[in-house]
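Engineer: Predicted model and sequence below, questions to follow.
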Amino acid sequence: MGWILKVSGYGKIESAEVEMAPLTLFVGDNNSGKSYLMFLLWGIRNLGMEILFHRGNESATEAENRLQCWIKEQVKAAREQGKQTVQASEIGKDLQIVLQDRINQNKERFVNAVFNSSDVELNALQLELTGLANVSLVFGFERFGEEAGVALSRKGENGIGLHLNEKEQKTGILEEDSCRFFVDRLFAVVLNGCGEMINSEIYFPAARTGFMSTKDVINKAGRRVAFNVITEQEAVTPFVRPVNQFLDVINDLTIDGRGSKNFAEVINIWRAG
């Protein structure tokens, strides 16, 4: 199972298709758009559930209603049997339609969030789902005393669970909010293998020497804001969101100044690069 990223009118990139794999390399000239693609992939993996795949208050489409009915059927079967295993390809067409509808609705807000700016244009963004016939979705129904819950996962992997309210426990029929929850999680389970896609990936800047020299700018701006009672705000170009996350990560690697052996291998790989 995988997915293909398709973009057009994105920075210097007229059009591109990237098939995701465990190891994906971008090779090209400087300023050709490699980092832009990496930022976008980082955003999909880290902000997908929060922004890009979010339905909001829009009414459910016909395709989403079909997905909800399908989910109700699987949960009902899981309630009767304890577990229900189905192939993702059963709902592949509707899943692709709903996924793309939400991407189209949220694309602009998503790109603005990734780049911390409204200046980056992206004319078209598409995620094409592939290999759904090889993905087994497992709905598990479990009781905890007088209460019950349902979990959704890919076969052999961790997933996400939902506690059922009293009416759902008695009837085995999910209400609309619960169905919406599982529709949202279908995207994460199919794309990522687990129920969440928030802060799951870390971006490592390649140009470490030039990048780390920005610490002087960060320190200067931070002191100005934190320690001057009245000061004029100087315009500062914001870092993109992946870089801000990277700075948070390296800041939290140690709390005692002695470093941590747990991160030694990662640091050595980064230095060798």
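Structural biologist: Now that the structure is in, tell me what you want to look at. Note that the structure is a prediction, hence the values are computed from the model and not measured.
Engineer: From now on I want contacts and neighbour counts done on CA atoms only, so please keep to that.
Structural biologist: Will do.
Engineer: pLDDT weak spots in the stretch 51-200 of the chain?
Structural biologist: Low-confidence regions of the stretch 51-200 of the chain, defined by pLDDT under 70, span residues 193-200.
Engineer: And the strands in it, which stretches?
Structural biologist: For the stretch 51-200 of the chain, the strands defined by DSSP state E, counting those that start in this stretch cover 83-87, 122-130, 136-144, 147-154, 160-163.
Engineer: Residue 101: which of these is closest?
Structural biologist: Closest to residue 101 of the strands of the stretch 51-200 of the chain is strand 122-130 (C-alpha to C-alpha; 9.8 Å).
Engineer: Remind me what that closest one packs against, helices and strands.
Structural biologist: strand 2-10, helix 92-115 (3 or more C-alpha pairs under 8 Å, 6 or more residues apart in numbering; DSSP states H and E).
Engineer: Now do the buried residues in it.
Structural biologist: 122, 125, 126, 127, 128, 129, 130 (16 or more other C-alpha atoms under 10 Å).
Engineer: same check, this time on stretch 105-113
Structural biologist: So, applying 16+ other C-alpha under 10 Å, buried residues of stretch 105-113: 105, 106, 107, 108, 110, 111, 112, 113.
Engineer: quick one: which of those residues is nearest residue 5?
Structural biologist: Ranked by distance to residue 5 (C-alpha to C-alpha), these are led by residue 107 at 13.4 Å.
Engineer: In contact with that closest one, which residues?
Structural biologist: 52, 122, 125 (C-alpha atoms under 8 Å, 6 or more residues apart in numbering).
Engineer: if we can go back for a sec, JSON lines please, covering the buried residues of strand 122-130 and showing distance to residue 146.
Structural biologist: Shown next, in JSON lines, are the buried residues of strand 122-130 (distance: C-alpha to C-alpha, whole Å):
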{"residue": "122", "distance to residue 146": "50"}
{"residue": "125", "distance to residue 146": "46"}
{"residue": "126", "distance to residue 146": "44"}
{"residue": "127", "distance to residue 146": "41"}
{"residue": "128", "distance to residue 146": "42"}
{"residue": "129", "distance to residue 146": "39"}
{"residue": "130", "distance to residue 146": "40"}
